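Novice: based on what follows, work out the 3D shape:
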Amino acid sequence: MKITNSYELLVFLKSLGYLQNPPHPLWWPNAGNFEVVLGAIFVQNTKWEQAFKVLSRLKDKGILSLEALANVSHTNLEILMSDLGFFRQKAQRSIKLCQNILEEFGNFENFCENVDREWLLAQKGIGNETCDSILCYGALRDEMVADKYSYKLLKSFGYELESYEEIKEWLKEGVLENFTKVCELYGYEISLNTLYARFHGKIVEFCKIQKF
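Specialist: Numbering: from 1, shown residues only. Prediction:
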């Protein structure tokens, strides 16, 4: 099968019926909430199921909030996160990130409105994929996430795009150039945030099922 641009990839994935009934319209559970920030960190080198299990545990303990996590002890958080990969490192970085968000932005709402990629990428433990996941699903910004699934999928179609930015640009370019067709495909004027979120979700679901 020949895929010449990202619009054709979107059409292909949509034709297979992915994300008919996602847990959230944007695919990531509880998109637009603070827990996305933590989830994007927790899921690094870890299965989604484990990451969301820890999020649920924090919620049950009443500390799944920016303010609570900025003040929790490292030891207590490590215990609650012990079944995550690199849990000590993630606990330390999560607490520090929460403290930095409060110091710089005051609250989560202001963070969503004013944070940029440069600020996020300057935080310990946040790379391109985590940064764009937070921006797309947490702050609801127009950012496309280009993860390892995107790389593997494009490689299977013969593309040799190595850098994160190259893959991200390829994914954005085709759908932006054919945006009118994209809206016709969905049957409504879809926002870029929703488009990027659902496009990324389709890629992940397809690759999981195909065992990429």
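Novice: distance of G187 relative to K155?
Specialist: 32 Å (Cβ to Cβ, to the nearest Å). No exception for glycine: its C-beta is placed from N, CA and C like everyone else's.
Novice: higher neighbour count, the two?
Specialist: K155 (14 against 7; other Cβ atoms under 10 Å).
Novice: pull the helix or strand that one falls within out as CSV, backbone CA atoms only.
Specialist: Element membership of K155 [criterion: DSSP states H and E] is helix 148-156. What follows is helix 148-156, C-alpha atoms only, in CSV (Å, rounded to 0.1, in the frame of the first residue of the first chain):
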residue,chain,number,x,y,z
LYS,A,148,7.5,5.8,18.6
TYR,A,149,4.4,4.4,17.0
SER,A,150,4.4,7.2,14.5
TYR,A,151,8.0,6.4,13.7
LYS,A,152,7.4,2.7,13.3
LEU,A,153,4.3,3.2,11.2
LEU,A,154,5.9,5.6,8.8
LYS,A,155,8.9,3.3,8.6
SER,A,156,6.6,0.4,7.5
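Novice: for that helix, name the packing helices and strands.
Specialist: The helices and strands touching helix 148-156, judged by 3 or more Cβ pairs under 8 Å, 6 or more residues apart in numbering; DSSP states H and E, are helix 164-177, helix 192-209.
Novice: what sits up against the last one?
Specialist: The contact list for helix 192-209 (Cβ atoms under 8 Å, 6 or more residues apart in numbering) reads 6, 10, 13-14, 16, 18-19, 22, 25-28, 31, 136-137, 140-145, 147, 149-150, 152-153, 171-172, 175, 182.
Novice: switch the cut-off to 7 Å
Specialist: The contact list for helix 192-209 (Cβ atoms under 7 Å, 6 or more residues apart in numbering) reads 10, 13-14, 16, 18-19, 22, 26-28, 136-137, 140-145, 149-150, 152-153, 171, 175, 182.
Novice: helices - which of the residues you listed land there?
Specialist: L10, L13, K14, Y149, S150, K152, L153, L171, V175, V182 (DSSP state H).
Novice: how far is the helix holding K155 from where the chain is centred?
Specialist: 16 Å (Cα atoms, centre = their mean, to the nearest Å).
Novice: find the centremost residue of the protein, please.
Specialist: S133 (2.6 Å; Cα atoms, centre = their mean).
Novice: test my guess that it contacts V145.
Specialist: Yes: using Cβ atoms under 7 Å, S133 is in contact with V145, at 5.3 Å.
Novice: I'd like to know which of the helices and strands packed on helix 148-156 is closest to C98.
Specialist: Nearest to C98, of all the helices and strands packed on helix 148-156, is helix 192-209, at 23.6 Å by Cβ to Cβ.
Novice: returning to what we had before: among the helices and strands packed on helix 148-156, which is the most enclosed?
Specialist: Mean neighbour count (mean count of other Cβ atoms under 10 Å) peaks for helix 192-209 among the helices and strands packed on helix 148-156, with a mean of 20.
Novice: now the helix or strand hosting I95: buried residues?
Specialist: Secondary-structure assignment from DSSP H and E places I95 in helix 87-105. Within helix 87-105, the residues that count as buried by 16 or more other Cβ atoms under 10 Å are 87, 89-95, 97-98, 100-102, 105.
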